[in-house]
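Asks: Provided below for reference: sequence and predicted model.
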Amino acid sequence: MPTESVVTPGVILGTLVLGTIIKFIVTSILSRRRNGFHLVGTVTRLSVFPIKSCAGFAVDNGVCTEIGLLVHGITDRHWVVTDAKFNVLSQQQAPKLAIVKVECQGYELVINATGMPTLKLPTDCPVDQSKIVICNTGKNTLEGLDCGDEAGAWFSAYLHREGLRVLHSAPGLRKKRHIHRTPDAAFSDFCAYHVLPESSFARLDERLDEPTTIECFRPTITDEWSEIRFGETTKLRCLYPTPRCTKVTVDQVTGVKNQSGEPLTTLRSFRCFPPYGQSPLLGVSAAIHTPGRINVGDPVYVKRK
């Protein structure tokens with residue numbers, strides 16, 4: 001006579017619990033690998049640098065636009081300091097730019113440096129065609145709106161160099177078109193976005209005798225990725241790893257180059273790859289894929305190549 005199977009309440013409960021665990025695991029895997037994206041962490045820091053090579057400031061949120069991170073009505077790296085011939089200056093030629101403090105108050109950039117009076121620049125000046133000049137970034141020739149004699153004199157006095165000017169990449173002026181057919185950018189070295197994983201920075205920092213700061217690398221958003229998604233909608237397209245030069249040797253507190261060549265020397269010891277020669281790689285240069293908001297704390301998903 002066949003034996004009847006008896007399903008006890010304990011078996012039923014155990015089956016339900018096991019089913020719940022399996023469902024949780026499957027749901028967790030699916031949430032981490034949605035549409036080919038893998039969850040890798042969260043946004044820990046957002047920074048905007050209004051004036052190229054000057055100090056930036058951290059923000060809690062912003063909007064990823066085609067031409068850069070938009071915060072309080074200003075877009076990242078849309079102002080620049082030039083010499084009298086409109087050649088763009090960076091921390092390579094003028095390391096003291098690193099300690100020029102820039103804030104946004106209302107519709108003005110508020111600029112301060114030790115021993116200097118406060119300089120204020122309007123962020124919404126109308127475009128006067130007579131004030132548009134062509135500047136040379138070393139890689140491109142771009143249009144810029146001259147911000148006037150007061151701004152130029154301020155930076156001339158601060159850097160002890162005659163004839164300096166401040167330019168703004170105002171709306172409608174010619175931007176930089178990248179060779180990878182990305183959306184335009186203004187005065188950034190490579191693309192509109194620079195993403196630096198903290199883990200990559202940590203691997204460098206642990207090798208240094210004297211710790212450095214992540215600000216030396218001036219990331220917008222704090223390695224073989226093809227796309228990055230923040231939250232559910234905002235996406236960046238990764239173009240290439242970011243090569244590094246002597247600008248990272250400038251101390252962002254003192255505005256003085258490190259004579260030992262650090263952290264560049266150490267970075268070269270383990271982050272040099274063909275075809276970049278002696279330019280070590282750290283971080284990712286990226287362009288917009290899907291515009292949208294971004295917040296500190298947003299989950300970060302990546303799609304690997």
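Replies: That came through, no problem. Predicted model, so just to flag it, every value in this text is computed and none were measured.
Asks: wait, a helix at S200?
Replies: Yes: in this structure, S200 lies within a helix as judged by DSSP: H, G, I helix; E, B strand; the rest coil.
Asks: for T265, helix, strand, or coil?
Replies: Relying on three-state DSSP, one would call T265 helix.
Asks: near it, how many residues? Count them for me, please.
Replies: By the measure other Cβ atoms under 10 Å, the count of residues near T265 is 13. Every residue, glycine included, has its C-beta placed from N, CA and C.
Asks: and it, how far from G277?
Replies: Distance, T265 to G277, using Cβ to Cβ, to the nearest Å: 15 Å.
Asks: equivalent analysis for A113, please.
Replies: Taken as Cβ to Cβ, the span from A113 to G277 is 35 Å.
Asks: which one of these two has more residues nearby?
Replies: Counted by other Cβ under 10 Å, A113 and G277 do not tie: A113 has more neighbours, with 22 against 10.
Asks: tell me who's in contact with that one.
Replies: Taking Cβ atoms under 8 Å, 6 or more residues apart in numbering, we find A113 in contact with 96, 99-101, 158.
Asks: just the closest of those to V59, please.
Replies: Nearest to V59 among those is K101, at 15.0 Å by Cβ to Cβ.
Asks: low-confidence ranges in this protein?
Replies: Low-confidence segments of the chain (pLDDT under 70): 1-35, 177-184, 220-225, 305.
Asks: could you redo the last one with a cut-off of 80?
Replies: 1-35, 139, 176-185, 189-190, 218-226, 304-305 (pLDDT under 80).
Asks: can you give me the helices in it?
Replies: In the chain, the helices defined using DSSP state H lie at 9-32, 149-159, 198-205, 264-270.
Asks: got the buried residues for the last one?
Replies: Under the neighbour-count criterion of 16 or more other Cβ atoms under 10 Å, helix 264-270 has 264, 266-267 buried.
Asks: JSON lines for the residues you listed, including distance to P241?
Replies: Below are the buried residues of helix 264-270 laid out as JSON lines (distance: Cβ to Cβ, whole Å):
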{"residue": "L264", "distance to P241": "15"}
{"residue": "T266", "distance to P241": "17"}
{"residue": "L267", "distance to P241": "12"}
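Asks: what about stretch 188-198, how long is it end to end?
Replies: 21 Å (Cα to Cα, to the nearest Å).
Asks: starting at the chain centroid, how far to it?
Replies: Offset of stretch 188-198 from its chain centre (Cα atoms, centre = their mean, to the nearest Å): 4 Å.
Asks: please point out which parts of it sit buried.
Replies: Here stretch 188-198 shows 188-197 as buried, counting by 16+ other Cβ under 10 Å.
Asks: equivalent analysis for stretch 42-49, please.
Replies: In stretch 42-49, counting by 16+ other Cβ under 10 Å, buried: 43, 45-49.
Asks: now, the most widely separated pair of those?
Replies: V43 and F49 (17.0 Å).
Asks: distance between stretch 254-272 and the chain's centre?
Replies: That offset, for stretch 254-272, works out to 20 Å (Cα atoms, centre = their mean).
Asks: could I get it in CSV with only the CA atoms?
Replies: Extracted in CSV, the C-alpha atoms of stretch 254-272 (Å, rounded to 0.1, in the frame of the first residue of the first chain):
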residue,chain,number,x,y,z
THR,A,254,49.8,76.4,-1.6
GLY,A,255,49.7,76.8,-5.4
VAL,A,256,53.3,75.5,-5.7
LYS,A,257,54.6,72.7,-7.8
ASN,A,258,56.0,69.7,-6.0
GLN,A,259,59.7,69.6,-6.9
SER,A,260,59.8,65.9,-6.3
GLY,A,261,57.4,65.4,-9.2
GLU,A,262,54.8,63.7,-7.0
PRO,A,263,52.2,62.3,-7.4
LEU,A,264,53.1,62.0,-11.1
THR,A,265,56.3,60.1,-10.5
THR,A,266,54.5,57.4,-8.5
LEU,A,267,51.6,57.3,-10.9
ARG,A,268,54.1,56.6,-13.8
SER,A,269,55.4,53.6,-11.9
PHE,A,270,52.2,51.6,-12.3
ARG,A,271,49.7,53.4,-14.6
CYS,A,272,51.6,53.8,-17.9
